[in-house]
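1. return a 3D structure for these sequence lines:
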Amino acid sequence: MSQKANEMLSDYQQDDFTVKLLSSLDSIVPGSPGFKFYNSFEDGVKAYVPDATPEVIEKARQIAESEEMMDALKVMGYIDTSDKVIAGYAGIKNVLSLFGGGGGAKKRTFESDPQQALDAGVKALAIAYAVYKLIPGGVSEKVNEFKSLDTGKEMAIYFASIEVALPFLDNAVEGGAGLIQKLMKSNSGITDKFGSLAGGGAAQATEMLNSLSGPLDSYIGVAKDHAGTIADKVKSYLPAAANVADSATGAVATGADLLPVWTFLGARLVTEVAAKRAAAG
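-> Numbers count the residues shown, from 1 in each chain. Reported below is the predicted structural model:
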């Protein structure tokens, strides 16, 4: 419900690491929409529909109370606890790496870090699941709408930068079409893990991801060219101990994984979709 989205948004302040991280990416990665901070549902509606009347705001609240919205919010919130729910060992390993327990430099590939690849693959399916649930219409309509939304772009840029380009820089540099599909094929447990997390919906999420892979691949291609800038900028928000991790980009990806970014992004996506559907009548 809009109350749930409002509750999730209200946990964030403008100087929080999560907000700074998203704002920084917006200033670095080309194609960013221009980050707008808000931490209430009503302010969010007004951010996307500046002339929203009280009637439009109320209609947006009603839309945000739908079962589909709730399903999407629930899954986006769960993936912030992925170190516990999805990849327990990855969480321990990432913390050790961040605070000095990691080894020397190594190749950043899906194969060299299967737990991180599992985590990234589940998050890719979570994005696809949210798009499937939140946006009306057929698959192509859903994809086009997601690509046009400010929060869709924010979500794609964050995923491309922090979940793929930084931790799997060698894969990203190799480039080529089909990088998301390569990620999904790198770990046979991704779909099952997502299914257990979402309580079903893996088939719909997988179908949706097939159509979202192209746009996500494009964002990864852009993000990889700015990986060093992203790492330098975001590293300033992390403990100095991040410097002893096995690589600067890996340290940034690890640190970002400890922040509740997906909860925030999920609430923002629900808010924008509800606002624009309400304004459209």
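2. following the helix or strand residue 155 falls within, which helix or strand shows up next?
-> Element membership for residue 155, per DSSP states H and E: helix 150-158. As assigned by DSSP H and E, the chain's next helix or strand after helix 150-158 is helix 169-174.
3. which residues touch that next one?
-> Outside helix 169-174, the residues within contact range by Cβ atoms under 8 Å, 6 or more residues apart in numbering are 107-110, 164-165, 179, 182-183, 220-221, 223-224, 227, 249. From N, CA and C alone the C-beta is placed, and that goes for glycine too.
4. among those residues, the buried ones, what's the PyMOL command?
-> In PyMOL syntax, the buried subset of the contacts of helix 169-174 is picked out as below (16 or more other Cβ atoms under 10 Å):
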select buried, resi 108+109+110+164+165+179+182+183+220+221+223+224+227+249
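5. list the buried ones in stretch 261-280?
-> 261-279.
6. would you mind measuring from residue 74 to residue 262?
-> Distance of residue 74 to residue 262, given as Cβ to Cβ, to the nearest Å: 12 Å.
7. ah, wrong one, I meant residue 73
-> 11 Å.
8. and the longest helix for the chain?
-> Ranked by residue count and defined by DSSP state H, the top helix of the chain is helix 202-224.
9. and that helix, how far from the chain's centre?
-> 12 Å (Cα atoms, centre = their mean, to the nearest Å).
10. following the chain onward from that helix, which element is next?
-> Remark: after helix 202-224, the chain's next helix or strand is helix 227-235, criterion DSSP H and E.
11. so which elements touch that following helix?
-> Under the contact criterion of 3 or more Cβ pairs under 8 Å, 6 or more residues apart in numbering; DSSP states H and E, the helices and strands touching helix 227-235 comprise helix 17-28, helix 248-257.
12. residue 230 contacts residue 166, correct?
-> Yes. Applying Cβ atoms under 8 Å as the test, residue 230 and residue 166 come out as touching, 6.7 Å apart.
13. give me the lowest-pLDDT entry from the contacts of helix 169-174.
-> Across the contacts of helix 169-174, the bottom pLDDT score, 53, is held by residue 249.
14. check what pLDDT residue 120 gets.
-> We have a pLDDT of 89 for residue 120.
15. give me the angle between the helix or strand encompassing it and helix 150-158.
-> If you go by DSSP H and E, residue 120 is part of helix 114-134. Comparing the axes of helix 114-134 and helix 150-158 via axes from the mean of the first three to the mean of the last three Cα atoms, to 10 degrees yields an angle of 170 degrees.
16. run the chain-centre distance for helix 114-134.
-> For helix 114-134, the distance to the chain centre is 8 Å (Cα atoms, centre = their mean).
17. going along the chain from it, find the next helix or strand for me.
-> Next along from helix 114-134, by DSSP H and E: helix 139-148.
18. which helices and strands sit right next to that next one?
-> Against helix 139-148 (3+ Cβ pairs under 8 Å, 6+ apart) you get helix 114-134, helix 150-158, helix 202-224.
19. any idea of the mean pLDDT in it?
-> 96.
20. ok, residues contacting that helix?
-> Against helix 139-148 from outside (Cβ under 8 Å, 6+ apart): 131-132, 135-137, 152-153, 156, 207-208, 211-212, 215.
21. would you reformat the residues you listed as a markdown table and include neighbour count and distance to residue 174?
-> Conversion of these to a markdown table gives the following (neighbours: other Cβ atoms under 10 Å; distance: Cβ to Cβ, whole Å):
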| residue | neighbour count | distance to residue 174 |
| --- | --- | --- |
| 131 | 27 | 27 |
| 132 | 23 | 29 |
| 135 | 22 | 32 |
| 136 | 10 | 37 |
| 137 | 10 | 34 |
| 152 | 27 | 26 |
| 153 | 20 | 24 |
| 156 | 24 | 20 |
| 207 | 13 | 26 |
| 208 | 24 | 25 |
| 211 | 18 | 23 |
| 212 | 25 | 21 |
| 215 | 18 | 19 |
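22. those residues: which two are farthest apart?
-> 153 and 207 (22.1 Å; Cβ to Cβ).
23. the helix holding residue 155 to helix 227-235, inter-axis angle?
-> Using the same axes, to 10 degrees: helix 150-158 against helix 227-235 is 110 degrees.
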